[in-house]
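**Student:** using only what follows, build the 3D model:
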Amino acid sequence: MWWLRSDRTEPGRLSPAAGCAVALALVLLPASPPAEGAQEGEASYGLVAMGANGVPGETLADRVANYRRLREAGVEAVRVDINWHQVEPAGEPLHDYDFSERDREITAIRRAGLEVIGILAYGHADYAASSSTVGQTPLGGEGIPPFALGASRSYPPDDPADFAAYAQATASHYGDEVMAWEVWNEENQGYRFWAPREDPAAYARLLCATHPVLKDVDPETPVVFGGVFFAAVAGQPGTSGPDFVQAAYGAEPGLGRCYDVMAYHPYAYPFTAPELDVPIRGSVLSAADTMRAVLERNGDAAKPLWITEVGWPTHDRSYGVPERKQAQYVARMQAATFAQGIPVLGWYTYGDAKDPSGGFNQESWFGFFRPDGSAKPAYEALRTFSRVFRGMRFRRDLSGPLGLPPGEQNMGGRGFALRFGGRDRAGAKTNVTAVWLATESATDGQNSMSGDASGGTSSVPVRLPVRGAGARIFSHLGERTRAPADGGTLALDAGPGPVYVVDRAKPRS
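**Tutor:** Next up, the predicted model:
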């Protein structure tokens, strides 16, 4: 069982640029047993979710088995489309729903022991006059791959009440099988998902029509503002996430009453390191402060932020990253995001797809598994983080007190020492400190020929305060060593592959 509560976190300040504010967050607490080292009943760092794209398996048993691979790596929820056109066949009597196909997928997820974040999304050809026009063009209503540009289902309904009716029927059908409802997806990229272009006022009307009917079904299930793509891509249509949200507030002053959680997708494009500060965009991490600033400006600072999509593709084109970098970024992003007080982090996505374009379709390469089903290093990074940090909560940012470098815009070089804490099964206080140096510049860390360092600095020495005679050190991929302490400190070198230092107040009996 999952339950919802309001919890004030103390995320600390990861840097002056990051400006991580203390915020009220909806924290979802898992009832699954804590891993070794965690005390029963103690809340974990947060919730890790995964997109369902690319999950293989023709049979229900196969799909359950593949979803269980996620649970084994600490993933606790799956974000999955329950699209309008999937549950209401086109051309049938209006509001005649058939959930059988989506039921199979939700059943597989739940049998694997995972929660569901349901995406209520996209339009329907029978409810938008523009859709029927597009359906008669050479696009045939299906759109241009890989994003289905111009697809008839991308067009919003002429009347938001029709979307609300679909949302209400879907929520009534699934009940408490779904832990949260996200309304639409990347609606600020209108050329893809809100054709022909984004419309903040129209989205606000749709959201405000949908929220009350979902609450009528279940007042406790949060309604999530559809995850906005954070940064507008140069040369392409679309509005940045913060600007879109602000425009939606301007069009609908009571917008705060129409959702419970604000979701955003802080993809770095080009796909740079999550900590790298670049002009205008900032960093993947500082995106949280920009989104919070919009909420504060509109009187909704208490609303929590969720990241419902983020990731790095592993193809060998100039804007992809090597698999080893994807794993490092996953580990670093998890530690830093939960230190910022963001309770839900959603990865895109389960598995790669075959790419007949020869590597030009980046959408085929975001997965944690390759097309043959083998795991990328990023999967082991997920599993290691779950095992080491389960039961731990963020306590303090030690980066400044330890004198780690702050990094430079475009050049990187920022050091991190983020301390989480909890108690082991014997009741002893336990610290887990994630330590790394984000070495990548604006050109490092991308494509198969990239290096690991910026300006020749691949690591910095750190003397970390610990308790006792020594500590265990885990690499982000699970290798374990034990290191002695000297005068209450442990010496190590921080590099781009994060390490987790585990020390206890007293030895385990």
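**Student:** in the protein, what spans have low per-residue confidence?
**Tutor:** Applying pLDDT under 70 to the chain picks out residues 1-43, 130-152, 232-236, 318, 445-457, 506-509.
**Student:** any idea which strand is longest in it?
**Tutor:** Secondary structure assigned by DSSP state E gives strand 412-423 as the longest strand of the chain.
**Student:** what pairs with that strand, and is each one parallel or antiparallel?
**Tutor:** Strand partners for strand 412-423, identified by DSSP bridges, are recorded as strand 393-397 (antiparallel), strand 406-408 (antiparallel), strand 429-438 (antiparallel).
**Student:** okay, buried residues for the last one please.
**Tutor:** In terms of neighbour count (16 or more other Cβ atoms under 10 Å), strand 429-438 has its buried residues at Thr430, Asn431, Val432, Thr433, Ala434, Val435, Trp436, Leu437, Ala438. For the C-beta atoms, the positions are set from N, CA and C on the backbone; glycine is no exception.
**Student:** and the next element down the chain from it?
**Tutor:** Note on strand 429-438: by DSSP states H and E, the next helix or strand toward the C-terminus is strand 460-465.
**Student:** which strands or helices does that following strand pack on?
**Tutor:** Other elements packing on strand 460-465 under the criterion 3 or more Cβ pairs under 8 Å, 6 or more residues apart in numbering; DSSP states H and E are strand 412-423, strand 429-438, strand 489-494.
**Student:** can you do 6 Å?
**Tutor:** Secondary structure elements in contact with strand 460-465, counted by 3 or more Cβ pairs under 6 Å, 6 or more residues apart in numbering; DSSP states H and E, are strand 489-494.
**Student:** residues in contact with the following helix or strand past the strand it packs on: which ones?
**Tutor:** Using DSSP H and E, the next helix or strand after strand 489-494 towards the C-terminus is strand 499-504. Contact partners of strand 499-504, identified using Cβ atoms under 6 Å, 6 or more residues apart in numbering, comprise 388, 428, 430-435, 464, 466-467, 471-475.
**Student:** got the angle for strand 499-504 vs strand 460-465?
**Tutor:** Orientation of strand 499-504 against strand 460-465 (axes from the mean of the first three to the mean of the last three Cα atoms, to 10 degrees) gives an angle of 10 degrees.
**Student:** who does strand 499-504 pair up with?
**Tutor:** Strand 499-504 sits in its sheet next to strand 429-438 (antiparallel), strand 470-475 (antiparallel), going by DSSP bridges.
**Student:** rebuild those as CSV, extending it with distance to Ala112.
**Tutor:** As requested, the strands paired with strand 499-504 are exported to CSV (distance: least, Cβ to Cβ, whole Å):
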stretch, distance to Ala112
strand 429-438, 27
strand 470-475, 26
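**Student:** wait, which of those strands is closest to Glu187?
**Tutor:** For these, the distance to Glu187 is smallest for strand 429-438, at 31.3 Å, taking Cβ to Cβ.
**Student:** what about Asp210, helix or strand, and which?
**Tutor:** Asp isn't right for residue 210; it's Thr. helix 200-217.
**Student:** how far out from the middle of the chain is the helix or strand following that helix?
**Tutor:** Downstream of helix 200-217, the next assigned helix or strand under DSSP H and E is strand 223-229. Here the centre of strand 223-229 is set off from its chain's centre by 12 Å, with Cα atoms, centre = their mean, to the nearest Å.
**Student:** so which other helices or strands are in contact with strand 223-229?
**Tutor:** Using 3+ Cβ pairs under 6 Å, 6+ apart, the elements in contact with strand 223-229 are strand 180-183, helix 241-251, strand 261-265.
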